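Visitor: prediction below, plus the sequence it came from.
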Amino acid sequence: QVQLVESGGGLVQAGDSLRLSCAASGRTFSSYDMGWFRQAPGKEREFVAAISRSGWLKNYADSVKGRFTISRDNAKNTVYLQMNSLKPEDTAAYYCAARPVSSWEAVSDWKQYDSWGQGTQVTVSS
């Protein structure tokens, strides 16, 4: 497992942008696929985006496709989520997560991930 710490959340207006960062500890960061999930009050945890170990493969939820971009810098042990054109429905606690390499088809399944950060709150006002 790796230790994960998110940052970059905040209160913004609809249409604004934010970039979330997730710093990982340990020397094995590049051996993990990384994902971002979110959870709003009273709702289930929702997949947002994922990126493969090398960064070549990316997957996005339909609700964020074209607005959010996931990236990673293995030299810095960090994964990012660039969020543009934010909407009020993007309001949630955002979590980054790491999973050992497995089938890419299951990358949106939160049960595949064995390391989680503490979350960072994103609030989008209308």
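Guide: It's in.

Visitor: centre-most residue in the protein?
Guide: With distances taken as CA atoms, centre = their mean, the residue of the chain nearest its centroid is Trp36 (2.0 Å).

Visitor: phi, psi for that one please.
Guide: Dihedral pair for Trp36: phi -120, psi 130, per degrees, to the nearest 10.

Visitor: how close does it sit to Arg27?
Guide: 22 Å (CB to CB, to the nearest Å). Yep, even glycine has a C-beta here, placed from its N, CA and C like the rest.

Visitor: repeat that for Thr120.
Guide: 24 Å.

Visitor: out of the two, which sits in the busier spot?
Guide: More crowded of Thr120 and Arg27, by other CB atoms under 10 Å: Thr120, with 21 against 9.

Visitor: strands of the protein, start to end?
Guide: Here the chain has its strands, by DSSP state E, at 4-7, 10-13, 18-24, 32-39, 46-51, 58-60, 68-73, 78-83, 92-100, 115-116, 120-125.

Visitor: turn those strands into JSON lines, including mean pLDDT and distance to Ser108.
Guide: Below are the strands of the chain laid out as JSON lines (pLDDT from 0 to 100; distance: least, CB to CB, whole Å):
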{"stretch": "strand 4-7", "mean pLDDT": "97", "distance to Ser108": "18"}
{"stretch": "strand 10-13", "mean pLDDT": "98", "distance to Ser108": "25"}
{"stretch": "strand 18-24", "mean pLDDT": "98", "distance to Ser108": "17"}
{"stretch": "strand 32-39", "mean pLDDT": "97", "distance to Ser108": "8"}
{"stretch": "strand 46-51", "mean pLDDT": "98", "distance to Ser108": "4"}
{"stretch": "strand 58-60", "mean pLDDT": "97", "distance to Ser108": "6"}
{"stretch": "strand 68-73", "mean pLDDT": "98", "distance to Ser108": "12"}
{"stretch": "strand 78-83", "mean pLDDT": "98", "distance to Ser108": "15"}
{"stretch": "strand 92-100", "mean pLDDT": "96", "distance to Ser108": "11"}
{"stretch": "strand 115-116", "mean pLDDT": "96", "distance to Ser108": "15"}
{"stretch": "strand 120-125", "mean pLDDT": "98", "distance to Ser108": "19"}
